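A.B. asks: Predicted model, plus sequence, below.
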Amino acid sequence: MYLPREEGQGLVEYALIIVLVAIVVIAALTALGTSVDSVFDSITAALGG
C-alpha cells in the first residue's frame, strides 16, 4: 500500500503559524508603537548610545 508523504504539508502548517504570529507581533508593535519606541530610546540612552 502506498502512503503519501506528509512532510510538505507539515512545513506549510508551520509556515502559516509563523506568518500568523508575525502578523500579531506587527499589529501589537503598531498599536503600542510610541510606548515601545520610548522604551527602546531609554535602553539606548542607558547603554551610552
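C.D. replies: Cool, got the structure.

A.B. asks: Look up how far V36 lies from the residue positioned nearest the centre of the chain.
C.D. replies: Per CA atoms, centre = their mean, the C-alpha nearest to the average position across the chain is that of A22, at 3.3 Å. Separation of A22 from V36 (CB to CB, to the nearest Å): 16 Å. The way it works is simple: take the backbone N, C-alpha and C, and place the C-beta from them, glycine included.

A.B. asks: Over to I43?
C.D. replies: 11 Å.

A.B. asks: Neighbour count: the two, which is higher?
C.D. replies: It is V36, of I43 and V36, that has more neighbours when counted by other CB atoms under 10 Å, with 13 against 10.

A.B. asks: show me the residues around that one that make contact.
C.D. replies: L29 (CB atoms under 8 Å, 6 or more residues apart in numbering).

A.B. asks: Quick check: which element contains it?
C.D. replies: helix 33-46 (DSSP states H and E).

A.B. asks: chain center to that helix: distance?
C.D. replies: With CA atoms, centre = their mean, to the nearest Å as the basis, helix 33-46 stands 19 Å off its chain's centre.

A.B. asks: Extract the CA atoms of it and return them as CSV.
C.D. replies: These are the backbone C-alpha positions of helix 33-46, laid out as CSV (Å, rounded to 0.1, in the frame of the first residue of the first chain):
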residue,chain,number,x,y,z
GLY,A,33,4.5,51.9,18.8
THR,A,34,5.1,55.1,20.8
SER,A,35,5.5,53.4,24.1
VAL,A,36,7.8,50.7,22.7
ASP,A,37,9.8,53.4,21.0
SER,A,38,10.3,55.3,24.2
VAL,A,39,11.4,52.1,26.0
PHE,A,40,14.0,51.4,23.3
ASP,A,41,15.2,55.0,23.4
SER,A,42,15.7,54.8,27.2
ILE,A,43,17.6,51.5,26.8
THR,A,44,19.8,53.0,24.1
ALA,A,45,20.5,56.0,26.3
ALA,A,46,21.3,53.8,29.3
